[in-house]
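Peer 1: sharing a sequence plus its predicted fold:
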Amino acid sequence: MSTRFAALVENRRVQGGELDLTYRIARVRRKAWAATRRPLFREGVIECVPMSIGVAAWGLVAGVAMGKSGMGVPLGILMSILVSAGSSQVAALPLIAADAPMWVVWATVACVNLRFLVFSYQYRPYFAHLSRRRRVVLSYFMGDTIFAMFLRRYPEPKREPGQLDYFWGAALANYGAWQLAVIAGIVAGHAIPPEWGVGFAGTMALLALTCSQLRSRSTWVAAFVAACAAVAAYALPLRLNIVVAIAAAVAIGVLAQHTRVEASPR
């Protein structure tokens with residue numbers, strides 16, 4: 001009797017768990033569908049589509065490099081999903097091919113992605129009110145293109161209605177274009193020769209997006225200093241010249257802001 005009763009309880013528990021999981025999935029789908037119908041979500045998608053062409057070109061280059069590294073299609077796709085950052089993926093490939101220690105690979109990826117710390121700090125005024133779990137999820141979808149687009153749309157560091165919808169619209173469009181291009185490059189492998197230079201399209205897209213942010217004298221000066229710092233530090237390993245350029249631009253921006261505060265009438 002006790003055995004039959006325990007089996008009945010277990011059966012109901014399993015059924016209850018399945019129903020609960022089904023309910024949660026349905027609720028997530030309803031929320032996702034409702035988000036896609038919001039105007040700012042659609043605006044983010046529409047504005048990101050032109051940039052996605054360059055992002056896809058750069059993703060294709062990264063995918064081809066991963067396909068030619070010999071790591072295999074499943075492992076390459078897994079790396080793309082876990083890392084989801086083109087510069088660090090390409091930087092890690094030679095180390096993986098050379099059987100470098102894992103801590104060296106992790107350190108390289110961390111150094112290349114240090115710029116995302118700056119991005120996260122810039123996002124704080126907009127998303128600091130969200131829970132930590134939601135902020136962690138948002139951080140996974142951060143990218144250079146999304147960062148530039150978001151600050152162009154919301155230049156003032158303050159909360160406004162619909163900011164999260166806009167971020168998700170642009171982020172999902174960017175993420176989808178990136179992952180599809182990377183997977184296509186991994187699968188295609190040797191079919192796409194490097195002489196095509198498709199990665200240049202991604203660089204031009206980011207450059208065009210960056211130029212649209214230059215709206216004042218201080219931003220022009222910061223961009224010029226960052227470019228000079230990136231070129232001067234080009235010989236640094238692990239693409240650390242990117243970090244040097246970001247640090248130089250942030251320093252110039254802080255100095256310009258401090259100068260404006262001191263010069264403003266009291």
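Peer 2: In hand now; what should we look at?
Peer 1: return the residues in contact with the residue nearest the centre of the chain.
Peer 2: Most central residue of the chain, judged by C-alpha distance to the mean C-alpha position with C-alpha atoms, centre = their mean, is Gly143 at 2.6 Å. With contact taken as C-beta atoms under 8 Å, 6 or more residues apart in numbering, Gly143 is in contact with 55, 85, 171, 174-175, 178. Where you see a C-beta, it was placed from the backbone N, CA and C, and this is true even at glycine.
Peer 1: in ChimeraX, select just the buried ones from the residues you listed.
Peer 2: In ChimeraX, this line selects whichever of the contacts of Gly143 come out buried by 16 or more other C-beta atoms under 10 Å:
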select :55,85,171,174,175,178
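Peer 1: which residues in the stretch 51-200 of the chain form strands?
Peer 2: In the stretch 51-200 of the chain, no strands are found when defined by DSSP state E, counting those that start in this stretch.
Peer 1: pLDDT below threshold where in it?
Peer 2: Filtered on pLDDT under 70, the stretch 51-200 of the chain yields the residue ranges 189-200.
Peer 1: show me where it has helices.
Peer 2: Remark: helices assigned in the stretch 51-200 of the chain by DSSP state H, counting those that start in this stretch are 73-83, 86-97, 102-112, 115-127, 132-140, 144-153, 163-188, 199-211.
Peer 1: nearest to Arg42, of these?
Peer 2: Among the helices of the stretch 51-200 of the chain, the nearest to Arg42 by C-beta to C-beta is helix 163-188 (6.3 Å).
Peer 1: so what secondary structure elements neighbour that closest one?
Peer 2: Applying 3 or more C-beta pairs under 8 Å, 6 or more residues apart in numbering; DSSP states H and E, we find helix 163-188 packed against helix 39-68, helix 73-83, helix 86-97, helix 115-127, helix 144-153.
Peer 1: can you rerun that using 7 Å?
Peer 2: helix 39-68, helix 73-83, helix 144-153 (3 or more C-beta pairs under 7 Å, 6 or more residues apart in numbering; DSSP states H and E).
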